[in-house]
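Q: next come a sequence and a model predicted from it.
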Amino acid sequence: MNATHALGFPRWAAAGVVVVTLALATHSDQLTAEPTEPPAVAADTARTAPDTVLRHPDPTQPLSQRWEWARTQARQLGKRNYWIGYQISRPEWLEHSVYMDRGAEVVGKNITMSGRLFGDFQGLMFRGVRLAPLTGSTDSDDLAILFGVDQDGKVTHVHVASMYLPVDFRGRTLLWLGRASDAQSLPLIEGLFAATALPELREDIVAAVGIHGTSDVVVPMLIRWITSREVADVRSQAAEWLGFHPSAAAVVALSRAARSDASRDVRREAAEGLGENTLPAATDSAIAVARTATDRDARREAVEGLGHKDNDRALAALVAIAQSDPDVDVQREAVETLGEVPDGRGLDAVRDIARRHSRSDVRREAVETLGENLKAAEAIPTLKAIATGDPDPDVQREAIETLGQLHDGGGEALAAVTEFARTHPNSDVRRTAIETLGQLAPTAETVRLLSAIAAGDRNEDVQRRAVETLGEIGDLGLPAVIDIARTHRNPDVRRTAIEAIGEHAPPAQARDLLGQMARDPDPDVARKAVEALGELGDARALALVASIARAPGNTDLRRNAIETYGEAALPDSALALLKSVLAADAPEDVYSKVLETLEQLEGGAGIPALIDAARSHPNRDVRASALRRLAESDDPRAKRVFDQTLREP
């Protein structure tokens, strides 16, 4: 489930900002308008406090006068950059705390976030200092609005956050104006928008307007922006915030923008805003956009938004779209959204779609949705039935993969996957079951099962998948892989085991084992061992490959070792080996592979040796072969030598 939708807020999409919307908490309590105990957030205070704090002496004055007082104070203090801030009431529709600051970072366990965040911030660290001690106020979930301002009075930064959250002032002066009503704040911010040219700042100022709770004033401002010639990011921001305000005018503007705005991003955000908007009319508009808009992405966003509507009309529309929409991507979005309808009210429809829908890719989406939203005890029997009864192997495979993801399913889900790995009639489905087993916590029993499948399954590809999976589960499966590499009756399966040893065994062990297997009587097995040695990439493994390349005996194996060494070793090392083989007595096929590898060395490093061979090698056939390769080469040195040779009497 998308965390945004769990919170009831849209995904943010601000250009150049890494944006995360989240709900991270150690408990599930929602914040009230005035929390008695705000969530325990940490503050990183290094070099973040303001150098000076001035509070306005009379917070009853009009906000515009207090703003001018702040600018005057900053000029008198000679401040080139400073903050002006004030407090507004938290909107009734704001269910969670908020933190919006384009440049700030918030740190959690193994994660760093920046941008605009909504949620319960329990346990997160915010860089900055608490406002309450600076402003003489109290910690609360009302909102602090702060503007970074330069010496010319231009806004350079926007920060909006719940009052209890720390603020990074970057050592700049804070001029605090006290509390302001929406009626005072909104005209002031609208003026700042008009005086600001930078698109990113204009976007942030739109957000500062949208967070106010007085819809009668906010909505007309947002409509002016969404219907203007502002850049798409600003219009998108207006669309997102219109989704918060349950106003008929907001719904009309969003519906129009979702269908006809010139920007795809704005159309999508408007469709999403219809889904977020709680006004009943927004449901009808979202249904209409989901069914009839020409923009597929806008339709999908509208479909997703219907999942937020806890009413029968939205549910019926989702079911109809999932069953019969002409666009399969929209159908799949409807299936996924049905799984997220509150209280599981859409899951019966998803079950039916998973069993009976005419399109296999929609059934696959339904299978995945059931796994994500049903309790394991309900999901397992349904998924088992689909894994055996669906007419499409891809849907069967999806059911098995989903079974493997049911971590709370205990032994029953594992037992089902195990049985499918052993006995499913479709070999591709058995392979999927084997791969799924490898992704679960491996046990000795898993190793025994995979070893038995590798030894006895009737399909070679299934056997090989079992070997690969044994290698992927690490130390527990490695002894079985080694045994298969040495003893399996099928050379192709043995080669797969050799590859798994090279990929998963510790380097020293892999080197020793592959060195032994490079002497295997089966030439294909020996070649695979040589290739695996080259892929290890360490000096000792390459030395083994070089010794095989030099050793008299199996011509095909020597050729394979020469090619492997040429691809894996540094050019200088490869050149030294190739020249030494070329200088020794060797079969014609070995000489031919040496010349071919010289020609292919990176950066033309082998061309001088190829020229020498063409001019002076004692074997006439080698000279002729080297000359032919020079003729075919694009290297200018090769062409010159070839041309000179043609002119010789």
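A: Sure thing, it's come through.
Q: check contacts around Ala466.
A: Counting by C-beta atoms under 8 Å, 6 or more residues apart in numbering, Ala466 touches Ile434, Leu450, Ser451, Ile453, Ala454, Asp457. Where you see a C-beta, it was placed from the backbone N, CA and C, and this is true even at glycine.
Q: that one: which element?
A: helix 460-472 (DSSP states H and E).
Q: so for that helix, mean pLDDT?
A: Helix 460-472 comes out with an average pLDDT of 97.
Q: which parts of that helix are buried?
A: Val462, Gln463, Arg464, Arg465, Ala466, Val467, Glu468, Thr469, Leu470, Gly471, Glu472 (16 or more other C-beta atoms under 10 Å).
Q: of the contacts of Ala466, closest to Phe420?
A: Relative to Phe420, the closest of the contacts of Ala466 is Ile434; by C-beta to C-beta it sits at 9.1 Å.
Q: need the buried residues of helix 460-472 in a markdown table with distance to Asp612, can you?
A: Shown next, in a markdown table, are the buried residues of helix 460-472 (distance: C-beta to C-beta, whole Å):
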| residue | distance to Asp612 |
| --- | --- |
| Val462 | 52 |
| Gln463 | 49 |
| Arg464 | 45 |
| Arg465 | 48 |
| Ala466 | 50 |
| Val467 | 45 |
| Glu468 | 45 |
| Thr469 | 50 |
| Leu470 | 48 |
| Gly471 | 44 |
| Glu472 | 47 |
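Q: and which of the residues you listed is nearest to Arg628?
A: Arg464 (39.6 Å).
Q: that closest one reaches His488, doesn't it?
A: No. At 10.1 Å, Arg464 and His488 do not qualify as touching, with contact defined as C-beta atoms under 8 Å.
Q: pLDDT weak spots in this protein?
A: Where the chain drops to pLDDT under 70, the residues are 1-40, 42, 44, 46, 109-115, 407-410, 642-649.
Q: quick one: the strands in it?
A: 42-44, 53-55, 81-88, 97-108, 111-119, 125-127, 143-150, 155-162, 173-179 (DSSP state E).
Q: for Ala626, what are its contacts?
A: Ala626 neighbours (C-beta under 8 Å, 6+ apart): Leu595, Leu610, Ile611, Ala613, Ala614, His617.
Q: the same query, at a cut-off of 6 Å, please.
A: For Ala626, the contacting residues are Leu595, Leu610, Ala613, Ala614, by C-beta atoms under 6 Å, 6 or more residues apart in numbering.
Q: then Arg559?
A: Lys593.
Q: how close does it sit to Ala546?
A: 14 Å (C-beta to C-beta, to the nearest Å).
Q: quick revisit: which one among the contacts of Ala466 gets closest to Leu542?
A: Once C-beta to C-beta is applied, the member of the contacts of Ala466 that ends up nearest Leu542 is Ala454, at 30.0 Å.
Q: count of neighbours near that closest one?
A: 27 (other C-beta atoms under 10 Å).
Q: who touches it in this structure?
A: Gln463, Ala466, Val467, Ile484.
Q: now those residues in CSV, please, with extra columns for distance to Glu602.
A: Below are those laid out as CSV (distance: C-beta to C-beta, whole Å):
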residue, distance to Glu602
Gln463, 37
Ala466, 38
Val467, 33
Ile484, 36
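Q: from memory Glu398 sits against Arg364, does it?
A: Yes. The criterion here is C-beta atoms under 6 Å, and Glu398 meets it with Arg364 at 4.5 Å.
Q: and this structure, what are its domain boundaries?
A: 1-195, 375-441, 445-603 (automatic domain parsing).
Q: now those as JSON lines including distance to Thr292?
A: Shown next, in JSON lines, are those (distance: least, C-beta to C-beta, whole Å):
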{"stretch": "domain 1-195", "distance to Thr292": "22"}
{"stretch": "domain 375-441", "distance to Thr292": "30"}
{"stretch": "domain 445-603", "distance to Thr292": "46"}
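Q: and of those, who's closest to Asp325?
A: domain 375-441 (19.2 Å).
Q: from start to finish, how long is that closest one in a straight line?
A: 20 Å (C-alpha to C-alpha, to the nearest Å).
Q: and stretch 107-124, by the same measure?
A: Per C-alpha to C-alpha, stretch 107-124 runs 6 Å from first to last residue.
Q: what residues are up against Gly404?
A: Here Gly404 is in contact with Val417, Thr436, Leu440 (criterion: C-beta under 6 Å, 6+ apart).
Q: isn't the second one right next to Val417, touching?
A: In other words, Thr436. Yes. Using C-beta under 6 Å as the test, Thr436 is close enough to Val417 to be in contact (5.2 Å).
Q: for these two, indicate the residue with more neighbours.
A: Val417 (26 against 23).
Q: residues in contact with the more buried one?
A: Neighbours of Val417 in contact, by C-beta under 6 Å, 6+ apart: Ile400, Leu403, Gly404, Ala433, Thr436, Leu437.
Q: report the two of the residues you listed separated the most.
A: Spatial extent of the contacts of Val417 (C-beta to C-beta) is set by the pair Leu403 and Leu437 at 10.6 Å.
Q: neighbour count: those two, which is higher?
A: Neighbour comparison, Leu403 and Leu437: the larger count goes to Leu403, with 27 against 24 (by other C-beta under 10 Å).
Q: that one touches Pro381, doesn't it?
A: No. Checked against C-beta under 6 Å, the pair Leu403 and Pro381 is beyond contact range at 10.7 Å.
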